[in-house]
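1. Any chance you can model this:
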Amino acid sequence: MWHLIPETKFKDIWNHDFTIPIPALDIVIFTIYRWEVCVVLLKRDDWQCNTVYALPWWIVTSWFSLEENFDSILERKTWITWVYKEQIYTFWDPKRDNRWHTLSIVYLALIWVDRFLNQVDFTKVEIVKYSDIDNIKLWFDHLDIIKYTKQRLRWKMEYTNIAKDILKEEFRISQLQEVYEIVLWKKFDKRNFQKKIFKLNMIKETWNIDKTTNRPAKLYSFVDKNVKIYEVL
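-> You can find the predicted model right below:
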């Protein structure tokens, strides 16, 4: 993948003759791994040799679209080539970066864990449980960014079919319920959950059967391939 801003030119960005903020793009990648919401982070050492984590990010390059910038950062920083992505917010605090006034264009990204594991370069990134992020040292305001993005994911799970981007293409209804319970951190009655989901016509039978366990079950897929509004909860 191309480098929109070469590493060798990176030091030239922090020029104090600038009179405008520097735009950066930060990617919050969520997946569900071992029954927990996890976030994909870069790992580095600070000047005191302490481990510091950061979101995949880079300075936005002019003359390229934000989507092109996103794709370049994603592949270069993680080796992942495709995720669901959605721009959700801009963090603007002048003091968020101690080098210069940078604004952060934040993207929410989602990926099914098997696709993630098949693509990611673990020499570049580390997968961290969301429940552990308060116990690690994060770069600048990346902790605030992660928490804000997680809350946005919770809200979107309640009124859209965005769960489709964390699941494999065909799934048991119990696996769908599990995703909702993990992300929203609450339990649902099995019968009521299924009744609600089927009433929404959000998923459909594939006529395939999952025989990977001792209890074979029907497999389903989402009706809409794109994110669509549903009153899920």
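2. what comes up buried for the longest strand along the chain?
-> Identified as the longest strand of the chain according to DSSP state E is strand 22-33. Buried residues in strand 22-33, counted by 16 or more other Cβ atoms under 10 Å: 22-33. Bear in mind the C-beta positions are built from the backbone N, C-alpha and C, glycine included.
3. Restrict that strand to CA atoms and write it as PDB.
-> The C-alpha coordinates for strand 22-33 follow below in PDB (Å, rounded to 0.1, in the frame of the first residue of the first chain):
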ATOM      1  CA  ILE A  22      -3.000  19.600  11.600                       C
ATOM      2  CA  PRO A  23      -5.700  17.000  10.700                       C
ATOM      3  CA  ALA A  24      -5.100  13.400  11.700                       C
ATOM      4  CA  LEU A  25      -7.100  10.300  11.300                       C
ATOM      5  CA  ASP A  26      -7.600   7.800  14.200                       C
ATOM      6  CA  ILE A  27      -9.100   4.400  13.700                       C
ATOM      7  CA  VAL A  28     -10.900   2.600  16.500                       C
ATOM      8  CA  ILE A  29     -11.100  -1.100  15.400                       C
ATOM      9  CA  PHE A  30     -13.500  -3.300  17.500                       C
ATOM     10  CA  THR A  31     -13.900  -7.000  17.300                       C
ATOM     11  CA  ILE A  32     -15.200  -9.800  19.600                       C
ATOM     12  CA  TYR A  33     -12.400 -12.100  20.600                       C
END
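4. Tell me the strands beside it, with direction?
-> strand 36-45 (antiparallel), strand 57-59 (antiparallel), strand 102-110 (parallel) (DSSP bridges).
5. Relative to the whole chain's centre, how far out is the shortest one?
-> Read that as strand 57-59. Distance of strand 57-59 from the chain centroid (Cα atoms, centre = their mean, to the nearest Å) equals 16 Å.
6. and the next element down the chain from that strand?
-> Using DSSP states H and E, the helix or strand that follows strand 57-59 in sequence is helix 66-78.
7. now for that following helix, which elements pack on it?
-> strand 22-33, strand 57-59, strand 84-91, strand 102-110 (3 or more Cβ pairs under 8 Å, 6 or more residues apart in numbering; DSSP states H and E).
8. would you turn those strands into CSV with distance to L176 and mean pLDDT?
-> Output for these, formatted as CSV (distance: least, Cβ to Cβ, whole Å; pLDDT from 0 to 100):
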stretch, distance to L176, mean pLDDT
strand 22-33, 12, 96
strand 57-59, 32, 93
strand 84-91, 16, 96
strand 102-110, 14, 96
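9. Using JSON lines, please lay out these together with distance to Y220.
-> JSON lines is the format used below for these (distance: least, Cβ to Cβ, whole Å):
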{"stretch": "strand 22-33", "distance to Y220": "17"}
{"stretch": "strand 57-59", "distance to Y220": "36"}
{"stretch": "strand 84-91", "distance to Y220": "19"}
{"stretch": "strand 102-110", "distance to Y220": "19"}
